[in-house]
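K.L.:
predicted model follows, preceded by the sequence.
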Amino acid sequence: DTGVSQDPRHKITKRGQNVTFRCDPISEHNRLYWYRQTLGQGPEFLTYFQNEAQLEKSRLLSDRFSAERPKGSFSTLEIQRTEQGDSAMYLCASSHPWGQETQYFGPGTRLLVL
Amino acid sequence: AQSVTQLGSHVSVSEGALVLLRCNYSSSVPPYLFWYVQYPNQGLQLLLKYTTGATLVKGINGFEAEFKKSETSFHLTKPSAHMSDAAEYFCAVSEDDYKLSFGAGTTVTVRA
């Protein structure tokens, strides 16, 4: 049984560059969530999908951020024109149709913007 | 609106001693409650959850938590700490079934 996977695990980029992260949920999980975790803080909700539909976006998700889940399987999170304040751990989670309230997290992608 | 307060950002215990991590929440409806553990540079692992039913819930690695509605608390305990319990622990609440709100976390160190 494979868990949630995320790629890459680490990303270093220069300010102003675009970055894209990928998340593969657990098989048969129809919901997929993105969170952001800054140093010393708990994760903060960004957005979530049910199948391919994006159902909610946090106000934390500025217009430089876009997330997709085109076929209802893997998801991508893109950040355009990165800023130093975007440096954080980006966590992906998924949940099963029977037990939607329980989210299982991936290992995260740590982003450093120089 | 839902929110979580974890009392104590750092807890230090001796190996074999009781571990007690405090979590209080605010919620306008009966919430779902969770504890997650995070090891350095890793994602979050679910320790235990409360959804409905029995208010004392048991999780992995010998941890348990009790939901006390009157106190709006969901404290996490383990009778005997092990060196491998050193990690960061997060309490989380959800009023619906999609958005988790996390506390700021409590870092546990275990002294030999």
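P.N.:
Looks like it came in fine.
K.L.:
how about chain A: which residue is closest to chain B?
P.N.:
Of all residues in chain A, the one sitting closest to chain B is A:G42 (3.0 Å; Cβ to the nearest Cβ). Backbone N, C-alpha and C define where each C-beta goes, glycine included.
K.L.:
what is the burial count for the nearest residue to that residue once chain neighbours are set aside?
P.N.:
Once flanking residues are discounted, A:G42 sits nearest to B:F102: 3.0 Å by Cβ to Cβ, 6 or more residues apart in numbering or on different chains. Using other Cβ atoms under 10 Å in any protein chain shown, B:F102 has 22 other residues around it.
K.L.:
in this structure B:F102 contacts B:E88, no?
P.N.:
No. Taking Cβ atoms under 8 Å as the definition, B:F102 is not a contact partner of B:E88, at 11.0 Å.
K.L.:
that older thread, what's opposite the residue nearest to A:G42 in the beta bridge?
P.N.:
Beta bridges link B:F102 to B:A92, judged by DSSP bridges.
K.L.:
give the contact list for the spatially most central residue of chain B.
P.N.:
For chain B, the residue sitting closest to the mean C-alpha position, by Cα atoms, centre = their mean, is B:W35 at 3.6 Å. B:W35 makes contacts with B:21, B:23, B:46-49, B:59, B:63, B:65, B:74, B:76, B:89-92, as judged by Cβ atoms under 8 Å, 6 or more residues apart in numbering or on different chains.
K.L.:
7 Å - rerun?
P.N.:
Counting by Cβ atoms under 7 Å, 6 or more residues apart in numbering or on different chains, B:W35 touches B:L47, B:L48, B:G59, B:A65, B:L76, B:Y89, B:C91.
K.L.:
tell me the confidence at the second one?
P.N.:
I take that to be B:L48. As predicted, B:L48 sits at a pLDDT of 96.
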